[in-house]
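Visitor: Please work out how this folds:
(one chain, ligands or ions: 1)
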Amino acid sequence: MPSAFPVLERHLFGPGPSNPYPEATAGLGLPLLGHLDPEFLRIMDETCSLLRTAWGTSNARTLPLSATGSAGMEAAFVNTVTDGDVAVIAVNGLFGERMCDVAARCGAEVVRVDHEWGAPIDPERVAQAHPNPKVIAAVHAETSTGVRSDIEALGQLKGDALLITDAVTSIGGIELRADDWGIDVGYAGTQKCLGVAPGLAPFTINDRAFERRITTPRSWYLDLGLLGGYVGTGGGGGRTYHHTAPVAMVVSLHAGLNRVLDEGLEQVWARHAEAGQQLQDGLQEMGLELFAQEGWRLPELTTVKVPDGVDSAAVRALLLERHNIEISGGAGAYAATVWRIGLMGHNARPDAALLMLAALKDVLA
Ligand code: PLP
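Guide: This is a model prediction of the structure:
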């Protein structure tokens, strides 16, 4: 007999996934509907509409792509750039780096604008990096370093370029206003501040970007022209089969979004801000040093320098073993010298911050 399900319930205090909202978890267990069932189509329509609110957009083409956040990144570039198109990409961490790789694979001529890891992007420097790029791209919340960047300022400086924004770790956690900030194409993930399991990539594209898209992109699955039929935004009001919708995940996202929007976006942002501040204050009171630049720290994802002489991996193993708490090491060159602690979505609460601080005190004692 195979062993029973893993029944451990971990505190997922790393950079994601976070513990889902109970409503989102319950959504996964509902009876499965067919992907063309009228009841499911209604849920999908509502999900797209709830996503518009979460993004701060009125874009008709707003949908959950059927894959994780990285597919959102691929969709953003494969639909907007092809051979020889110039893509200016702000890099201040791992996910900016990944954007460069993805854009280059789409054939773009990538102009990287490097920044120190732990610092925000400099919108002026990014905007001045090339006179006439087709796209400019930046990460709103760099999960690798715990840093927020000013996308609104970049939007004001983008000129004629399309602005692509990675909102994987910002959506549902900190202020995000796609339309007001001039975001033309945005992608996100479900498993962080939205408080839903990993598996979907909330995506939005405005008319300006859609009109300039690559009409036969090299990806069939992520072709936004074809996906219009999947969610009924392809014109004519009907649905065309493109792929089988991941029904259970969409139902779960619908439940998670309802939970977030019932609480109110501004209230949810305030809850993240409070929990993050409590954690960051507590860590500094313990004598620990934060990694991300002051003034640009994400409340939902805190980066902490591992104290000299402390074995980062051993601490993480003890947290898991003794306290059922998962945190993560740093990214890239900071893998062993930084910890990443997330209080996202359902975990953005004072009791979670206190639990994290108490457990860290215990294992560092
Ligand atoms: N972009 C950012 C900022 C992320 O934090 C992540 C995941 O952690 C991704 C993109 C990729 O998303 P996924 O791992 O869901 O494919």
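
Visitor: Please tell me how far residue 128 sits from residue 159.
Guide: 10 Å (C-beta to C-beta, to the nearest Å). Every residue, glycine included, has its C-beta placed from N, CA and C.

Visitor: just residue 257 next, same as before
Guide: 33 Å.

Visitor: Then residue 213?
Guide: Applying C-beta to C-beta to residue 213 and residue 159 gives a distance of 19 Å.

Visitor: what number of residues lie near the residue in the stretch 151-300 of the chain positioned nearest to the ligand?
Guide: Taking C-beta to the nearest ligand atom as the measure, the point where the stretch 151-300 of the chain comes nearest the ligand is residue 168, at 3.6 Å. Neighbour count of residue 168, defined by other C-beta atoms under 10 Å: 30.

Visitor: same deal with residue 361?
Guide: Neighbours of residue 361 (other C-beta under 10 Å): 11.

Visitor: Equivalent analysis for residue 278, please.
Guide: Counted with other C-beta under 10 Å, residue 278 comes out at 20.

Visitor: can you tell me the distance between the two ends of stretch 84-100?
Guide: 14 Å (C-alpha to C-alpha, to the nearest Å).

Visitor: Contact partners for the nearest residue to residue 227 once chain neighbours are set aside?
Guide: Distances taken as C-beta to C-beta, 6 or more residues apart in numbering put residue 242 closest to residue 227, at 6.2 Å, once the chain neighbours are dropped. By C-beta atoms under 8 Å, 6 or more residues apart in numbering, the contact set of residue 242 is 226-227, 229-230.

Visitor: and if you look at residue 86?
Guide: Contacts of residue 86 by C-beta under 8 Å, 6+ apart are 108-109, 111, 130, 132-135.

Visitor: Of those residues, just say which sits nearest to residue 284.
Guide: Minimum distance to residue 284 across those is 37.6 Å, recorded for residue 111 (C-beta to C-beta).

Visitor: Among residue 257 and residue 159, which residue is more densely surrounded?
Guide: Counting neighbours by other C-beta under 10 Å for residue 257 and for residue 159 shows that residue 257 has the greater number, 27 against 11.

Visitor: Could you give the number of residues near residue 285?
Guide: With other C-beta under 10 Å as criterion, residue 285 counts 9.

Visitor: which SS state does residue 163 fall under?
Guide: strand (DSSP: H, G, I helix; E, B strand; the rest coil).

Visitor: Tell me the bridge partners for it.
Guide: residue 136 (DSSP bridges).

Visitor: Closest residue of the chain to the ligand?
Guide: residue 69 (2.7 Å).

Visitor: gap between the residue nearest to that residue when sequence neighbours are not counted and residue 143?
Guide: Excluding the flanking residues, the one nearest residue 69 by C-beta to C-beta, 6+ apart is residue 189, at 3.3 Å. Taking C-beta to C-beta as the measure, residue 189 falls 10 Å from residue 143.

Visitor: any shared contact partners between the two?
Guide: With C-beta under 8 Å, 6+ apart, residue 189 and residue 143 have common neighbours 16, 168-169.

Visitor: coming back round to it: please look at the residue nearest to residue 69 and residue 68 and confirm they touch.
Guide: Yes - counting by C-beta atoms under 8 Å, residue 189 does reach residue 68; the two are 6.1 Å apart.

Visitor: higher neighbour count, the two?
Guide: Taking other C-beta under 10 Å, residue 189 and residue 68 do not tie; residue 189 has more neighbours (29 against 17).

Visitor: sec struct for that one, please.
Guide: Residue 189 - assigned by three-state DSSP - is coil.

Visitor: quick one, what contacts it?
Guide: Contacts of residue 189 by C-beta under 8 Å, 6+ apart are 16, 68-69, 72, 168-169, 171, 198, 200-202.

Visitor: Residue 327 too?
Guide: 13-14, 316, 319, 339-342, 356.

Visitor: about what we covered before: and the gap between the residue of the chain closest to the ligand and residue 56?
Guide: Using C-beta to C-beta, residue 69 is found at 18 Å from residue 56.

Visitor: Thanks a lot, catch you later.
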